[in-house]
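A.B. asks: here is a sequence with its predicted model. Questions after.
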Amino acid sequence: MSAAKGIGCFALGFLAHALFALLFKRNGHRLNEKAWLLVVRLEFVDQASIETFLPAFKKVAAGVERHEKGTLAYEISRSDKNPLHCNIFERYASKDAFVDEHRKTTHFQQFRPTLQALQDAGKVKVAGESWQEMGIGFM
């Protein structure tokens, strides 16, 4: 093999590795490491309540993506059976990333009163449960 061909193969291998790392890591954290998760279930009473909530969630999600290195995923999903039910899936590098980083951010502190007001008005029921990944499978 010629030196140029060897360098080309090395460069191609390096680029493939870099692309893999980009696609399968978030903030330096491998996606299959044992992350800490929070799943929050929201049961809204009407569509108007969801329409009040979603812009606030969109804003906090943008802040999470831009500023929280310990947050690996932050996504809301709507039930395909009941459009008034949503789940928020939060995936963190560790529980500390949730407690010490996420909950203390300005964007979260600005978001939380919107959800609390909906709860206080009886417009949404909120339940949550935390989970520790076991490292079997992939995300």
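C.D. replies: Done, it's in. Numbers count the residues shown, from 1 in each chain.
A.B. asks: alpha carbons only for contacts and neighbour counts from here, please
C.D. replies: Noted.
A.B. asks: check which element follows the helix or strand harbouring Asp96 along the chain.
C.D. replies: Assessed by DSSP states H and E, Asp96 sits inside helix 95-96. As assigned by DSSP H and E, the chain's next helix or strand after helix 95-96 is helix 106-120.
A.B. asks: parallel or antiparallel, list what pairs with the helix or strand following that next one.
C.D. replies: The C-terminal neighbour of helix 106-120 among helices and strands, as given by DSSP H and E, is strand 124-132. Taking DSSP bridges as the criterion, strand 124-132 forms sheet pairs with strand 36-44 (antiparallel).
A.B. asks: quick one: contacts of the partner strand?
C.D. replies: 50, 84-95, 123-133 (Cα atoms under 8 Å, 6 or more residues apart in numbering).
A.B. asks: now do the contacts for Arg91.
C.D. replies: If a contact means Cα under 8 Å, 6+ apart, then Arg91 has Ala35, Trp36, Leu37, Leu38, Thr71, Leu72, Ala73, Tyr74 as its contacts.
A.B. asks: one more time with 6 Å, if that's ok
C.D. replies: By Cα atoms under 6 Å, 6 or more residues apart in numbering, the contact set of Arg91 is Trp36, Leu37, Leu72, Ala73.
A.B. asks: how close does the nearest residue to the first one once chain neighbours are set aside sit to Phe108?
C.D. replies: On the basis of Cα to Cα, 6 or more residues apart in numbering, the spatially nearest residue to Trp36 that is not a chain neighbour turns out to be Gln132, at 4.7 Å. In this structure, Gln132 lies at 22 Å from Phe108, with Cα to Cα, to the nearest Å as the measure.
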